[in-house]
Each structure stands twice: as structure tokens, then as C-alpha cells.
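Visitor: Got a predicted structure plus its sequence, pasted below:
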Amino acid sequence: MKIGTIVEYIDQQKIITAVIVSEKNDKLKLLNENSREVSLSAKRLTHVSQVCLDVTQPRHLLINQLKAAAQTRRQLSEQVDIFEIWEIFHEESENIDLAAMTVFCFDPPLCCDHEAAVIRAVFNDRLYFKFNQNCFSPFTSEQVDAKKRQIREAEKRDRLIQKGVAWLTAMQGDTKQSTDTDPGVITCLKAYYLFGNDSDQASLARQMLKNAGLTSPDPIFDFFVRSGIWDVDENVNLLSMGIPTRFSSEVSTATRNLSLTRTRTFQDPGRKDLTKIPLITIDGQSTMDYDDAISLENTDQGYRLGIHIIDVGAYIQSGDPIDMSARERASSIYMPDDKLPMLPADLSDDLCSLKQGEIRPAISTLIQMSRFFEIRDVQIVSSIIQVHHQMSYTEANLLNGKDDPITTLHKIAMLLREKRIKAGAVQITLPEVNIWLEDNKEIRYAKVDRENPSRMLVSEMMIFANSLMAKFLADHQMPAVFRSQPPPGQRLFKGIETALLPNLMQRKHLSRAVVTTTPQTHSGLGVKAYTTATSPIRRYHDLLTQRQIKAVLGLNPAYSKKDLEEILQAVSVPMANAGRVQGARKRYWLLKILETMRGDSLDALVLECHRDHYNILLKEFMLDARLPASGLKLKQGDAIQVTVQHVDARRNQLSLFCV
């Protein structure tokens, strides 16, 4: 290429005018209009002029001439109407060369500056033509529309980033700020805080944070709290898992309409009238959704034990709006600061709840027993029932040993447990810590002995009823939601063990429970088949199984095995999420208590020993924690005292040390 030729190339999205001062090894050495010397390949040139400059003249004169040429070409390019040219050519598929395009853009006489001006015009407005090797290819109308949309989106993105940066910058000040910003900014930052790089707008949020001088998304939470967008104790797990917290208007309307069916279900001649039998419920003091009741009658041969479960399916039909909403939730969620019912409260706490004095449809399991509590016969029937007495666990404990039927029911429960243990059941006996918030937001907690008489009574009755219903379904070859469990990987004790450590270690060796549509042995409970059907208000699994029992009784159509498997697959994620959010929220509020106990000492138990840390249990709260080794020489089972050093509930941080 001739020395002194004026050329142009693109650098940092700008067209630069330069002159060739030398050529060596296929590389051109150029002096550009900005007085910089560059080396590049001839392939990078966008235009080669026919005009040459005398490169022997002083450098400043060369640069002035280059600047003058660049200015002339810029001015000429402003005269080119690219859209007008595109309208002429865009319906043709042929390429247009530079010479032809120049003729269309300018009147003669033409020169190299006109050609360069055309290239500049196309470069500055890249909507309409693609330029490559002195040829112009017009984009189609569809391509132009798509490029316009991209430009609008890019401009919208830039505006949103600017608004986000302004809001984040303002929020870093000391004064409380309002939420007066583009909702798109809040949505973008909220999604990034909850989902990180999995958020659809992660790159946008990262740019906002970076431009605002922030290196992590952590401050977003505090900014949202200060702005009133989130509460200081916001349950972000509900948001990140997409757990619904409200019912749709369609579900609310369907719930109101259910009041019309109150009497219809009771007029079914196929239901057994058990309203004269004195039923009791035993639950926690704050319980509102009563789904199970127990009865005990004296007979000539001994006793008739009844375990009665509210017939939720009498109100909610498979596939209706309420049912599909329940399927979406899969389970009620109980948290210290909130309750998210699977069914609307008008159903879970009223129409579908076994409230004292109210007549309700039910599925009753009736067990004929001898005076020595031997099982003589089992019947599962659709029924009408009425609860005569609702009592708390505390009340039931006070009556045990003093009054029937509680005393006799407790004896039956003890025998049922002994039978299960003899069959190989693994009985884990660990206390449970209940935590709740008072109306004034004060956090309260209590350690509950799950082995106290009334809790053990209810637990055994429900296990008994579920195993009997599982057998009923299996005998009728009806697919259902069966739960099974292989034997534990290691059995550390037999019978009942009251010490903490063996129970905690045995729990770690339990095999994972399996949900299938065919019955299998449940080793952990010591039964040949097991299902869950005693909590249809709270668990969708139980509602499914209850419907299968009713199908055997001829009350509704049955799900096929394939139907059940598809539904189980659909509810598996929300079911798992419900468990996760319950556990995470309980831990959060326990840590909130510990935030007030910095510097306090707590009793702990060493569970596992590792090279750099110990896994321990804070006994007061039944809370797992990590303790740095820090030169300590501890062994499994050691009872120690630890001091609370640092706690941050929101970040799930707990630091302890042992002296």
C-alpha cells in the first residue's frame, strides 16, 4: 500500500483518520489525527483514499491535514439520510458497493471524501445497513424493527441503572429515605438479593451496585428495611422459594360458596351417624385447625376405639380451585411468627375443623377390642361426628390416671407402642423446643417433652390409625401415598432410650423415608405398611390418601397409580420447601433470642469431633452449632459450657467459644 495514503479505521467505536507512514511485514504504521502512531493490519481499514500526503513534511502539518480531512468527512456525513437510502434498497436482496452508494448519496463531482462520508454515516446509524469490504447490505424491515427494540431496551436499561445508582447512593446516607424510586429498581434489586446470579436481572443489579460503590448485595436488605419495603424480620425464604402467602380471589369466592354445602354432606344416607359418641380432641393450646378426634366406648366384649378424621373431601373436590391451590402449597407451614395454612382459614379453622359442638363429616376408623385390648375387628367408615370436648395436652395430662377415657386411652397407647417396638421400631425420644411470638412481639419459647402422656397418646393413636388405613388400602389393592423406611444403617439401642446423645446419634443413622404408591415396610415405625391420612387439613398427601379410602368406600372416583405419581412429583418441591422454611424460621427466632444473650454461658453437648471444630448441641434450645477446636481436647458426649460470642440471626451466624 502506498506510503502517504489517507486511510480510516475504527478504534473504540470511533472512525479515526490517519496516514500511512511505513509498511513492514504486512503491518501498516500509521500516524493518526490525534498525533498517535499505531500499527495495524490492512484488513482493519474501513476506507482507503486515493489522496496521498507528503509524509516528509513536518508532523504538525500532517496532523492538521488529517484533522481537516476528518472534519470535511464528518460534515459531509451529516448530509446523508441513511433511512431514505434504505427505503430505496431494503426490498432488494443484492449488495450495494461503495461507489454506487456514494452516487445515491451525493451529487457529482465526487471524491474520496464523499465515499468516506458514506461509510461514516452508515457507521453512525447502524440500524439500516451492514457494511463489509466496501459493500452495503440492507437489513430487512423485520431486522430493523428488532434492532430498534434492542436500542430501546438498552436505553431503558441505562435509565434504570441511573435511577438505581441514584437510589442506592442516597440510601447510603444517614437520613431515612423513602421508596420514591422506579418500581423497576426495587424489583431488580429485590430479585438479586433473593436469587443472586440466578436472577434474570443479575447483571443489571450488579452494575447498579458497582456504580454506587457497593461490593456486595448485603446492604440491600437494610435499605429495604429503612424504606419500609421489608420488615426488619422479613422472611426472605418465603420470597426466594416463591411460597404463596395469600389465596387468589377465585379461591376466596369458592370458599365462600362452600357454606352452601354444609347440610348437603350430612344428608348422605351412606354415612354412619356417630354424633352420639363422645369424641375428644387433644391438641396444643393455640390450635385452631382440629383434624383428628378420638373416642372410646365400653362394649359387652370390651371396648370400641374410634379415631376420626375430618372428611375434607366432602367439601373440596379434586381439581377444583381450592384443591389446586392446596396442591400448589402441599402443606400448611407453621412458624413462630406466622402460619400459612394449606386451606383458607375459613375452611382450616372453621368448616373443615372438628370444632366442639359442630357436626362434621368424617372418615372413622373403628376398632373393636377385648377387655385386654386385643384387636378383634377393624372398620373404616364414612361418618358424621360431633366433638364433645376439646382439651389441651396439659388438661389431658392432668386427667390421666384420674378419669376415663383418658386413662384407658393412655394404656392402649402404651400397648401399641410396646407392640411397635417389639416389631423393631426405632423410637427416638428427644425434647422439642416450641418458640412463638406474643402479640407485643416478645419472643417466647418452651421445651416440650414429646414423651409426656398426652402427646404420646395422640402420637400412637395417629400412627395406629395410619397403619390401619394403609392395610385397608393394601388389602383393596388401591394405590395411595404410602410411606416406607428401610432399616437404619446402624442400630445403637433397642427399646426406649432417654439419654440425649444416643437418640441424637441414632437419628443420624436413620434411613431416608420413601414415598411410593405401593405399600412397603416402615422399619422406623415397626409396621408392615404405613400411610398418612390423619391430617388432610394440613398435608396434601393426607388429602390424597383420604380420597383413595373414600374411593374404596364408593364415595368418589379413585386416582390411578399414574395420576398419583404425577401429583406426588408436582407437590414434592413445595413439600420440601415447606419443611425448609419451617426449619429456617425456627432457627432464625432461636438465634434472635441468642442475640440478647451475648456473653452468657450455656450448657452444651459434644456430638462430633473434627480436626478443626466440634459439632455441639445447645441443650436449652436443642440447637445444633459449631464450636472451633482452638486447642480444646474434647470427646463425643462431653458436657461443656460455651459462651455466646456473636450472633446475627439474619445472616444465620452463631459464634461460640469454650474456656
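Guide: Nice, thanks for sending it over.
Visitor: how close does the nearest residue to L605 once chain neighbours are set aside get to T596?
Guide: Excluding the flanking residues, the one nearest L605 by C-beta to C-beta, 6 or more residues apart in numbering is L617, at 4.6 Å. Yep, even glycine has a C-beta here, placed from its N, CA and C like the rest. Distance of L617 to T596, given as C-beta to C-beta, to the nearest Å: 20 Å.
Visitor: quick one: which of the two has more around it?
Guide: Taking neighbours as other C-beta atoms under 10 Å, L617 and T596 compare with L617 leading, 19 against 10.
Visitor: List the residues that contact the more buried one.
Guide: Neighbour list for L617: 500, 504, 604-605, 607, 623-625 [criterion: C-beta atoms under 8 Å, 6 or more residues apart in numbering].
Visitor: can you tell me the helix or strand for it?
Guide: Take DSSP states H and E as the rule and L617 turns out to sit in strand 613-618.
Visitor: where in the stretch 551-659 of the chain is pLDDT low?
Guide: Residues of the stretch 551-659 of the chain meeting the criterion pLDDT under 70: none.
Visitor: do the same with the stretch 51-200 of the chain
Guide: For the stretch 51-200 of the chain (pLDDT under 70), the answer is 93, 174-179.
Visitor: Helices of that one, start to end?
Guide: Along the stretch 51-200 of the chain, counting by DSSP state H, counting those that start in this stretch, helices occupy 59-77, 82-89, 98-105, 112-124, 141-171, 183-195.
Visitor: Take those helices and lay them out in TSV including mean neighbour count.
Guide: Shown next, in TSV, are those (neighbours: other C-beta atoms under 10 Å):
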stretch	mean neighbour count
helix 59-77	17
helix 82-89	16
helix 98-105	17
helix 112-124	22
helix 141-171	14
helix 183-195	19
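Visitor: Tell me which of these approaches R539 most closely.
Guide: Closest of these to R539 is helix 183-195, at 26.8 Å (criterion: C-beta to C-beta).
Visitor: Compute the inter-axis angle for the closest one and helix 141-171.
Guide: Relative orientation of helix 183-195 versus helix 141-171 (axes from the mean of the first three to the mean of the last three C-alpha atoms, to 10 degrees): 80 degrees.
Visitor: Mind giving me the packing neighbours of helix 183-195?
Guide: Judged by 3 or more C-beta pairs under 8 Å, 6 or more residues apart in numbering; DSSP states H and E, the packing partners of helix 183-195 are helix 141-171, helix 202-211, helix 218-227, helix 236-240.
Visitor: okay if I get these as JSON lines plus distance to S318?
Guide: As requested, the helices and strands packed on helix 183-195 are arranged in JSON lines below (distance: least, C-beta to C-beta, whole Å):
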{"stretch": "helix 141-171", "distance to S318": "44"}
{"stretch": "helix 202-211", "distance to S318": "40"}
{"stretch": "helix 218-227", "distance to S318": "40"}
{"stretch": "helix 236-240", "distance to S318": "27"}
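Visitor: how about these, which one is nearest Q645?
Guide: Counting by C-beta to C-beta, Q645 lies closest to helix 218-227 out of the helices and strands packed on helix 183-195; the figure is 20.7 Å.
Visitor: Can you mark which positions in that closest one are buried?
Guide: Judged by neighbour count using 16 or more other C-beta atoms under 10 Å, the buried positions of helix 218-227 are 219-221, 223-224, 226-227.
Visitor: Identify the residues contacting I243.
Guide: With contact set as C-beta under 8 Å, 6+ apart, I243 has these partners: 237, 329, 333, 340, 574, 577-578, 581.
Visitor: now D542
Guide: 481, 532-536.
Visitor: what do you get if the cut-off is 10 Å, keeping everything else the same?
Guide: Taking C-beta atoms under 10 Å, 6 or more residues apart in numbering, we find D542 in contact with 291, 309, 312, 331, 342, 466, 469, 481, 531-536.
Visitor: just to revisit the earlier point, just the buried positions in the strand holding L617, please.
Guide: By 16+ other C-beta under 10 Å, the buried positions in strand 613-618 come out as 614, 616-618.
Visitor: Give the partner strands of it in its sheet and their orientations.
Guide: Applying DSSP bridges, strand 613-618 is found paired with strand 601-609 (antiparallel), strand 623-628 (antiparallel).
Visitor: Do I have it right that L654 meets I593?
Guide: No. Applying C-beta atoms under 10 Å, one finds L654 not in contact with I593, separated by 11.3 Å.
Visitor: any shared contact partners between those two?
Guide: Common neighbours of L654 and I593, counting by C-beta under 10 Å, 6+ apart, are 623, 647.
Visitor: For those two, indicate the residue with more neighbours.
Guide: Using other C-beta under 10 Å as the criterion, L654 and I593 rank with L654 on top: 22 against 17.
Visitor: Residue for residue, what is the longest helix the protein has?
Guide: In the chain, taking DSSP state H as the definition, the longest helix is helix 561-595.
Visitor: For that helix, what is the distance to the chain centroid?
Guide: Put simply, helix 561-595 sits 9 Å off its chain's centre (C-alpha atoms, centre = their mean, to the nearest Å).
Visitor: ok, now stretch 464-476?
Guide: Worked out by C-alpha atoms, centre = their mean, stretch 464-476 lies 34 Å from the chain centre.
Visitor: residues of it that come out buried?
Guide: Buried residues in stretch 464-476, counting neighbours by 16+ other C-beta under 10 Å, are found at 464-474.
Visitor: can you confirm Y445 is in a strand?
Guide: Yes. Assessed with DSSP: H, G, I helix; E, B strand; the rest coil, Y445 lies in a strand.
Visitor: Nearest spatial neighbour of it, chain-adjacent residues omitted?
Guide: I435 (4.2 Å).
Visitor: burial count for the one you found?
Guide: For I435, using other C-beta under 10 Å, the count is 20.
Visitor: Show me what the one helix or strand it maps to is packed up against.
Guide: Assessed by DSSP H and E, I435 sits inside strand 432-437. Here strand 432-437 touches strand 333-335, strand 443-448, helix 561-595, going by 3 or more C-beta pairs under 10 Å, 6 or more residues apart in numbering; DSSP states H and E.
Visitor: Any chance of the ones you listed in TSV with distance to S392 as columns?
Guide: TSV is the format used below for the helices and strands packed on strand 432-437 (distance: least, C-beta to C-beta, whole Å):
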stretch	distance to S392
strand 333-335	17
strand 443-448	12
helix 561-595	21
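Visitor: Contact partners for T531?
Guide: Residues counted as contacts of T531 (C-beta under 10 Å, 6+ apart) are 465-474, 480-484, 515, 519, 522, 541-542, 544-546, 548-549.
Visitor: Would you tell me what the next helix or strand after the strand or helix carrying M462 is?
Guide: Per DSSP H and E, M462 falls inside helix 453-475. Once the chain leaves helix 453-475, the next helix or strand it forms, by DSSP H and E, is strand 482-484.
Visitor: Let me know the average pLDDT across that next one.
Guide: Averaging pLDDT along strand 482-484 yields 97.
Visitor: Also stretch 363-371?
Guide: Averaging pLDDT along stretch 363-371 gives 97.
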